[in-house]
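**Q** sharing a model that was predicted from the sequence below.
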Amino acid sequence: MDTSLPIYVISVAAELADMHPQTLRQYDRLGLVIPSRAPGRARRYSMRDVSTLREVQRLSQEGVSLEGIRRILELENQVAALQSRVKELSAELVSRRSQPDPSRVFAAGLGGDVVTLARGQRPRARSQAVVIWQPRP
């Protein structure tokens, strides 16, 4: 079962999270847990939403303010997005390393900038670039 499918009405989600439905409405207004909306604007919660509700409840019981909880959830979402991006970039890097472009050479200019040169091309004298990396053919 896909945990992101919004299938639970507010009463069922509240029961699963061991909360009152009014608490879920308040968390929705505060932006802590924003459920999907069905036709007619009825809230629909997913299992992921229910897990988040449980996490909000746990943090609240530990004394974290609602604003603090909102910030924690926001940062956790950012971390998850960044981890996903790192995986994408790592896969792209592995792919590019396995198929190097033999026509590219990288050089550094006086200002520390990196420039790309074609194989056999020399950097301009005024930039006094130094070759710092050249992919193996």
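**A** Looks like it arrived, so ask away. Worth saying up front: this structure is predicted, and the values here are computed from it rather than measured.
**Q** for the spatially most central residue of the chain, phi and psi?
**A** Nearest to the mean C-alpha position of the chain, by Cα atoms, centre = their mean, lies Ala81 at 0.6 Å. Backbone torsions of Ala81, given as degrees, to the nearest 10, read phi -70, psi -40.
**Q** likewise Arg37?
**A** Arg37 adopts backbone torsions of phi -120, psi 130, taken as degrees, to the nearest 10.
**Q** surely it touches Arg44?
**A** Yes - here Arg37 reaches Arg44: they are 6.9 Å apart, a contact under Cβ atoms under 8 Å. Yep, even glycine has a C-beta here, placed from its N, CA and C like the rest.
**Q** neighbour-wise, which of these two wins?
**A** Ranked by neighbour count (other Cβ atoms under 10 Å), Arg37 and Arg44 place Arg44 first, with 17 against 11.
**Q** so where's this protein uncertain?
**A** For the chain, the stretches flagged by pLDDT under 70 are 100-105, 108-111, 117-137.
**Q** quick one: the strands in it?
**A** 36-37, 43-44, 104-108, 114-118, 130-133 (DSSP state E).
**Q** look up how far Val9 lies from Gly40.
**A** To Val9, Gly40 is 12 Å away according to Cβ to Cβ, to the nearest Å.
**Q** pick out whichever of these two has more residues nearby.
**A** Taking other Cβ under 10 Å, Gly40 and Val9 do not tie; Val9 has more neighbours (15 against 5).
**Q** ok, now which ones touch the more buried one?
**A** For Val9, the contact set (Cβ atoms under 8 Å, 6 or more residues apart in numbering) comprises 42-45.
**Q** now the helices for this structure?
**A** Secondary structure of the chain by DSSP state H: the helices cover 10-16, 21-30, 47-61, 66-98.
**Q** dump the first one to PDB, restricted to CA.
**A** Read it as helix 10-16. Output of helix 10-16 as PDB, limited to C-alpha atoms (Å, rounded to 0.1, in the frame of the first residue of the first chain):
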ATOM      1  CA  ILE A  10     -10.500  13.200   9.500                       C
ATOM      2  CA  SER A  11     -12.300  11.100  12.100                       C
ATOM      3  CA  VAL A  12     -10.300   7.900  11.100                       C
ATOM      4  CA  ALA A  13      -7.000   9.800  10.900                       C
ATOM      5  CA  ALA A  14      -7.700  11.300  14.300                       C
ATOM      6  CA  GLU A  15      -8.400   7.900  15.800                       C
ATOM      7  CA  LEU A  16      -5.300   6.400  14.200                       C
END
